[in-house]
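Undergrad: Build me a model:
(chains A, B, C, D, E and F)
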Protein chains: 4
Amino acid sequence: MPATTHRTAAARTRRPDERPEEILEAALTVFAERGYRPATMEAIAREAGITKGTIYLYFENKEELFVSMVREKLRELAALLPPVAYEPGMDFAKILKEAGQKYLEVMMTPRAAQLMSLMIGQYNQVPGLRSLYLEEVIPRGNMELARLLELGQQVGLVRPLDTVIAARSLFGMFFIFVLTQEVFGAKAVTPMSPEMIADTVASIWLEGVLERGNPS
Amino acid sequence: MPATTHRTAAARTRRPDERPEEILEAALTVFAERGYRPATMEAIAREAGITKGTIYLYFENKEELFVSMVREKLRELAALLPPVAYEPGMDFAKILKEAGQKYLEVMMTPRAAQLMSLMIGQYNQVPGLRSLYLEEVIPRGNMELARLLELGQQVGLVRPLDTVIAARSLFGMFFIFVLTQEVFGAKAVTPMSPEMIADTVASIWLEGVLERGNPS
Amino acid sequence: MPATTHRTAAARTRRPDERPEEILEAALTVFAERGYRPATMEAIAREAGITKGTIYLYFENKEELFVSMVREKLRELAALLPPVAYEPGMDFAKILKEAGQKYLEVMMTPRAAQLMSLMIGQYNQVPGLRSLYLEEVIPRGNMELARLLELGQQVGLVRPLDTVIAARSLFGMFFIFVLTQEVFGAKAVTPMSPEMIADTVASIWLEGVLERGNPS
Amino acid sequence: MPATTHRTAAARTRRPDERPEEILEAALTVFAERGYRPATMEAIAREAGITKGTIYLYFENKEELFVSMVREKLRELAALLPPVAYEPGMDFAKILKEAGQKYLEVMMTPRAAQLMSLMIGQYNQVPGLRSLYLEEVIPRGNMELARLLELGQQVGLVRPLDTVIAARSLFGMFFIFVLTQEVFGAKAVTPMSPEMIADTVASIWLEGVLERGNPS
DNA sequence: TATGAATGAGTATTCATTCAT
DNA sequence: TATGAATGAATACTCATTCAT
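TA: Below is the predicted model:
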């Protein structure tokens, strides 16, 4: 029957409204730094300026904290990306380049890249991530563009090809740079400006996708 | 006691030369199934049909085992890919499609995809992986194609664009399908044949990269 | 803002005087269900319809709550048992049987049995229980009967034997049924009616204790 | 990726055959001293002269260790009790007194009493204990005696009464002394010799059970 | 070489207790 | 009085690594 005595914590501040957000932020930092397993709840708490036990007031366990963090941070990233709206008469190529530029600007940052890396690494170990990807990432990032391409095909602007594959290809072209430059640290070896990447990638994809006769 | 008892001959059959290989094979299986941290030396040993201690006769520790496994399996995969040789007069498009097809054939398998996933997830936690990637993957997979493009530019076949970016883009186009279809399990949701992917991707990239006047 | 909002009147109804009692009641329920250690202050509070912190307004800590609960509930049980009064000329056997019946009626209930079980299990871990037993249980339950027996011996009704041992034996005869039937759940395997038990036990003990010549 | 270095343990002795027994012995000591929950695996290991991890080589978890310990120690106690054999012509009373004496001799020891106390306290928290009690304790300790009584009834030696209740009563008479004297520490307050207890208890029970006409 | 018993550092999680409001 | 957010000590259990055989 232990009678534990506690010191009077100086900073026993109550901020129930902001806590979850702060914890998620700290979680991303620590998970990104060490990886899912090596990241300790203790370290996350310290990073958030609280103590271990407090995390458990807001999250069931480490796994739920991880999934919540990924969901929240994905949403924050998604919120930074402007919706790609296309209407007849607009400059397709320009829209695409600008969208690509914006995408790289957001994704080619250490934080975003680390988030990707964490997701990929834990994808098959953490059940909650699957639905996150299938329900939030695919529909938004992929299907929208595919539908845009179908539209283009109907007006003869886009070559006849599988639009889902084409759309995902573009995503892959961008993604590989996020992965190599940021996650794999290749930017120290082969530095490339996001502008240059966006320009080149967009032009290759556009030329490859548009109908011959139509100047991009 | 005239009757000596022997263990079965089979149990005594030792193949010391094949041990490391068997261990690496078992390691890939178990690492892929559980991820780096949750994979236990015990489980790897069991998978290899030996006991824990024996692994340490061949590998310094878990990390070295992991890096050795990745290196070995990457080499095995690389060995399956035929070198892309191009000589003037050859059908550039056909070569590319066939190479892409072969690439997907090799990479769009659970094992290869799991290897990728493991690499990405551990990349920043396991020092040895960095050099592996920078020294083995980039030069072979990327620089070769970039040089090929430069050649194409010199003879006016390829548009003037950053060849390293273009080359890596192609890799990304393929890689995204390995990642999504195999690692993320999207193939259950949006099934696509490797042939269709290779064809579509190759044609987009080629059209996007080749000079206008030159029919692919 | 002219319209003041009130919480429901019921929610504000506070019965400070009944609080400790309610908490003790909840404590017995939860302690009995889970055991001393696994029972959490949180669960006890919830059971009592209050919050954790409130318990500490009435009890120093978990241990004191436990001891207080045991003391209170023992008293409540004791209050249910009528005092065994004997005066010359009364039917000794009948008194005993009725007292035994009453005792079993009170003790052979899940709640009483759980209380016993808790006491026994924590006896040597919780200092306060010792004095409770030595000062409240022994004198009342045991010594009274022993004195009664001495009286019987003086008038030649009871055989010459150690009265304390004889008295405690009777208690043990009853107790073993409380323990086995209620605590150990043997009543599901070997069901016995309290009446039958009381009758049989009382008759054995009486026959064993009374002087030969005296018909019970 | 922590690389833990271990000191060379001086006493890394391998004794797989004796380990389980040693651990069970240590477990009884520590469980008895502190109770189930407060007893730590660390303390049990230290008591056994080994380290925590080693316990887990032999027992699944704390609960299994506890149940295994109770089972083993109950068996050891049971082995100390000679079987009560009765054949016509033997002195029933003498047999009973001697058996009771032996029982108390074995059970009225701190270790045995602590084991009882542990069992009672954990009975409803630890599933494995239920079957232990129902399958091992009841049949051996109770049913044998009940059958003996039935035999006595058939030859007119024993009064007509419920033999199961009578048998269990005797057990209770003894058990209450184990409980009060050893577990509750009443022996410091009301010391009684086991011989005196056995004699008194046996004589009361016998007189109460035997047919009037038959001198015990 | 191979074994597998032993080690012990490391960690997620729980929960009694405190205290600002 | 009452709340409930915050604390942090405590602990079962895991598993990479060692080493006597």
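Undergrad: near chain C at all, stretch A:52-69?
TA: No - using Cβ under 8 Å from any Cβ of the partner chain, stretch A:52-69 stays clear of chain C, coming no nearer than 12.2 Å. Just so you know, the C-beta spots here come from the backbone N, C-alpha and C atoms, and that holds for glycine as well.
Undergrad: That stretch near DNA strand E anywhere?
TA: Yes - using Cβ under 7 Å from any atom of the strand, stretch A:52-69 reaches DNA strand E at A:52, A:53, A:56, A:61, A:62, A:63.
Undergrad: Tell me the spacing between the residue of chain A found nearest chain B and chain D.
TA: Among all residues of chain A, residue A:121 sits closest to chain B, at 2.1 Å; criterion: Cβ to the nearest Cβ. Distance, residue A:121 to chain D, by Cβ to the nearest Cβ, to the nearest Å: 14 Å.
Undergrad: For that residue, grab the count of nearby residues.
TA: Neighbours of residue A:121 under the rule other Cβ atoms under 10 Å in any protein chain shown: 25.
Undergrad: Next one: it relative to residue C:91, how far apart?
TA: Plainly put, residue A:121 is 84 Å away from residue C:91 if you go by Cβ to Cβ, to the nearest Å.
Undergrad: and what of residue A:23?
TA: Counting by Cβ to Cβ, the gap from residue A:23 to residue C:91 is 74 Å.
Undergrad: which one of these two has more residues nearby?
TA: Shown here are residue A:23 and residue C:91; by other Cβ under 10 Å, residue A:23 has more neighbours (24 against 11).
Undergrad: so what's that one closest to, chain neighbours aside?
TA: residue A:48 (5.0 Å; Cβ to Cβ, 6 or more residues apart in numbering or on different chains).
Undergrad: what residues are up against that neighbour?
TA: A:22, A:23, A:25, A:26, A:27, A:55 (Cβ atoms under 8 Å, 6 or more residues apart in numbering or on different chains).
Undergrad: isn't there a helix covering the first one?
TA: Yes - Residue A:22 forms part of a helix when assessed by DSSP: H, G, I helix; E, B strand; the rest coil.
Undergrad: Quick check: closest non-adjacent residue to it.
TA: Among residues not flanking residue A:22 along the chain, residue A:48 sits closest, at 5.0 Å (Cβ to Cβ, 6+ apart).
Undergrad: same deal with residue A:97?
TA: Closest to residue A:97 by Cβ to Cβ, 6+ apart is residue A:202, at 4.3 Å.
Undergrad: Next: residue A:123.
TA: Nearest non-adjacent residue to residue A:123, counting by Cβ to Cβ, 6+ apart: residue A:129, 5.2 Å away.
Undergrad: Validate this expectation: that neighbour resides in a helix.
TA: Yes - counting by three-state DSSP, residue A:129 is part of a helix.
Undergrad: biggest separation within the residues of stretch A:52-69 next to DNA strand E, which pair?
TA: Longest distance between any two of the residues of stretch A:52-69 next to DNA strand E is 17.6 Å, between A:53 and A:63; criterion Cβ to Cβ.
Undergrad: which one of those two has more residues nearby?
TA: Using other Cβ under 10 Å, the more surrounded residue of residue A:53 and residue A:63 is residue A:63, with 16 against 9.
Undergrad: OK, contacts around residue A:81?
TA: A:102, A:103, A:106.
Undergrad: hmm, 6 Å instead?
TA: Residue A:81 is in contact with residue A:106, counting by Cβ atoms under 6 Å, 6 or more residues apart in numbering or on different chains.
Undergrad: Which phi and psi values does it adopt?
TA: When read as degrees, to the nearest 10, the backbone of residue A:81 gives phi -90, psi 120.
Undergrad: Kindly provide the distance from it to chain D.
TA: Going from residue A:81 to chain D by Cβ to the nearest Cβ gives 35 Å.
Undergrad: what's the answer for residue A:171, then?
TA: For residue A:171, the distance to chain D - Cβ to the nearest Cβ - is 32 Å.
Undergrad: So what's the residue count around residue A:90?
TA: Using other Cβ under 10 Å, residue A:90 has 10 other residues around it.
Undergrad: What secondary structure category should be reported for it?
TA: coil.
Undergrad: for chain A, what helix or strand is lowest in average pLDDT?
TA: Using mean pLDDT, DSSP states H and E, the weakest-scoring helix or strand in chain A turns out to be helix A:92-107, at a mean of 84.
Undergrad: buried sites along that helix?
TA: By neighbour count with 16 or more other Cβ atoms under 10 Å in any protein chain shown, helix A:92-107 contains the buried residues A:92-93, A:95-97, A:99-104, A:106-107.
Undergrad: do the same with stretch A:79-91
TA: In stretch A:79-91, counting by 16+ other Cβ under 10 Å, buried: residue A:86.
Undergrad: got the residue ranges for the helices in chain A?
TA: A:19-34, A:41-48, A:52-58, A:62-80, A:92-107, A:110-122, A:127-132, A:144-154, A:163-177, A:194-209 (DSSP state H).
Undergrad: Verify the contact between residue A:100 and residue A:200 for me.
TA: No - if you go by Cβ atoms under 6 Å, residue A:100 and residue A:200 don't touch, sitting 9.7 Å apart.
Undergrad: what's the spacing between residue A:70 and DNA strand E?
TA: Distance of residue A:70 to DNA strand E, given as Cβ to the nearest atom of the strand, to the nearest Å: 16 Å.
Undergrad: ok, residue A:114 - how many residues close by?
TA: Residues near residue A:114, counting by other Cβ under 10 Å, number 20.
Undergrad: I'd assumed residue A:32 was in contact with it.
TA: Yes - the criterion here is Cβ under 6 Å, and residue A:114 meets it with residue A:32 at 3.5 Å.
Undergrad: Let me know how buried the residue nearest to residue A:123 is, in neighbour terms.
TA: Residue A:129: 21 neighbours (other Cβ under 10 Å).
Undergrad: Please apply the same query to residue A:64.
TA: Around residue A:64 there are 13 other residues, counting by other Cβ under 10 Å.
Undergrad: In chain A, where is pLDDT below threshold?
TA: Filtered on pLDDT under 70, chain A yields the residue ranges A:1-11, A:213-216.
Undergrad: Find the closest residue to DNA strand F in it.
TA: Going by Cβ to the nearest atom of the strand, DNA strand F is nearest to residue A:53 of chain A, at 1.9 Å.
Undergrad: OK, contacts around residue A:99?
TA: Each residue near residue A:99 by Cβ under 6 Å, 6+ apart is listed here: residue A:84.
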